[in-house]
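Enquirer: coordinates only, sequence not included:
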């Protein structure tokens, strides 16, 4: 490619990647704030500011293992070029906008992974896929909500037993305070796992264009920029999905909100340290269902939960198809 065109193209793709990161924060703001808003512990405008702050500082607490998985663990880095990255981002952004419009809490993470797979296969066939990384990520589609469900269920049962002799007013007052802690933890986990996915995209793009030398790594400016873009997106909120996550699945009180957020946060911390790009949406949904089911099975609106699961299953193939079509349409330019 002509050097006079290569640099502007690189900058343009980085801007598109940051736009995806912003939309990720916008789309997934609900994951961090739905419970604390639905329990009326914080007003929405304050809750998004609280979540955005902890989204931004997450890089201080976690390594960059997830970014490395995205950068070289889903498709072969040798296959990556600007067309592949553009197609992957278009697939992910398109799906995010569609699901945001309809208020469906799908996974931005799996939309990006599906986009990478679709674009990589469109360019180089099935040999482009790094199967170990992709299978690990696919396993997490099932494991993250399951672990979130079980942790939240265990926490709600344990906490209910510990506070069995306390008055409802005292329990409510205690957990209104503790929800600030659990919401902070979940926002840290969200920022730590989700922002790293865009870091991995930008880093592999830079690597493919010879900007990082012979060794793949994530430059610090990429880390800060991605964390800031996600935090800004969170500040703008995603109110349609907040409503679905916070009230349509099940009604929550502060104790249940604390247990859901804490169970989800523990799941995200573990996944981020292991370098597994999980869905924060799947995780918190599983945790919310867990606390609802602990009360009684009928407390969960299983029809809504079922629709969400369908969206999860569809996300990977849908984004892969969109990105593959985008690659086919633009690869000649």
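Expert: Great, that's in hand. What you are looking at is a predicted structure, and each value in this text was computed from that prediction instead of being measured.

Enquirer: which other helices and strands does the helix or strand residue 194 falls within contact?
Expert: Using DSSP states H and E, residue 194 sits within helix 168-208. The contact analysis (3 or more C-beta pairs under 8 Å, 6 or more residues apart in numbering; DSSP states H and E) places helix 168-208 against helix 3-38, helix 44-56, helix 65-72, helix 82-101, helix 108-124, helix 220-236, helix 254-273, helix 280-295. Bear in mind the C-beta positions are built from the backbone N, C-alpha and C, glycine included.

Enquirer: can we see that at 6 Å?
Expert: Secondary-structure packing of helix 168-208 (3 or more C-beta pairs under 6 Å, 6 or more residues apart in numbering; DSSP states H and E): helix 3-38, helix 44-56, helix 65-72, helix 220-236, helix 254-273.

Enquirer: name the helices or strands packed onto the first one?
Expert: Under the contact criterion of 3+ C-beta pairs under 6 Å, 6+ apart, the helices and strands touching helix 3-38 comprise helix 44-56, helix 82-101, helix 108-124, helix 168-208, helix 220-236, helix 239-243, helix 254-273, helix 280-295.

Enquirer: could the ones you listed be laid out in JSON lines, adding mean pLDDT?
Expert: Shown next, in JSON lines, are the helices and strands packed on helix 3-38 (pLDDT from 0 to 100):
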{"stretch": "helix 44-56", "mean pLDDT": "82"}
{"stretch": "helix 82-101", "mean pLDDT": "88"}
{"stretch": "helix 108-124", "mean pLDDT": "90"}
{"stretch": "helix 168-208", "mean pLDDT": "89"}
{"stretch": "helix 220-236", "mean pLDDT": "90"}
{"stretch": "helix 239-243", "mean pLDDT": "55"}
{"stretch": "helix 254-273", "mean pLDDT": "90"}
{"stretch": "helix 280-295", "mean pLDDT": "80"}
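
Enquirer: so what's residue 210 scoring on pLDDT?
Expert: At residue 210, the predicted lDDT confidence score is 86.

Enquirer: rewinding a little: single out the most deeply packed of the helices and strands packed on helix 168-208.
Expert: Of all these, helix 254-273 has the most neighbours on average by mean count of other C-beta atoms under 10 Å, namely a mean of 26.

Enquirer: what angle sits between it and helix 3-38?
Expert: 150 degrees (axes from the mean of the first three to the mean of the last three C-alpha atoms, to 10 degrees).

Enquirer: number of nearby residues for residue 64?
Expert: 20 (other C-beta atoms under 10 Å).

Enquirer: quick one, phi/psi of it?
Expert: Backbone torsions for residue 64, taken as degrees, to the nearest 10, come to phi -110, psi 30.

Enquirer: and of the helices and strands packed on helix 168-208, who's closest to residue 197?
Expert: With C-beta to C-beta as the measure, helix 65-72 is the member of the helices and strands packed on helix 168-208 nearest residue 197 (5.0 Å).

Enquirer: so how far is that closest one off the chain centroid?
Expert: Its chain's C-alpha centre and that of helix 65-72 lie 14 Å apart, by C-alpha atoms, centre = their mean, to the nearest Å.

Enquirer: sweet, I'm off.
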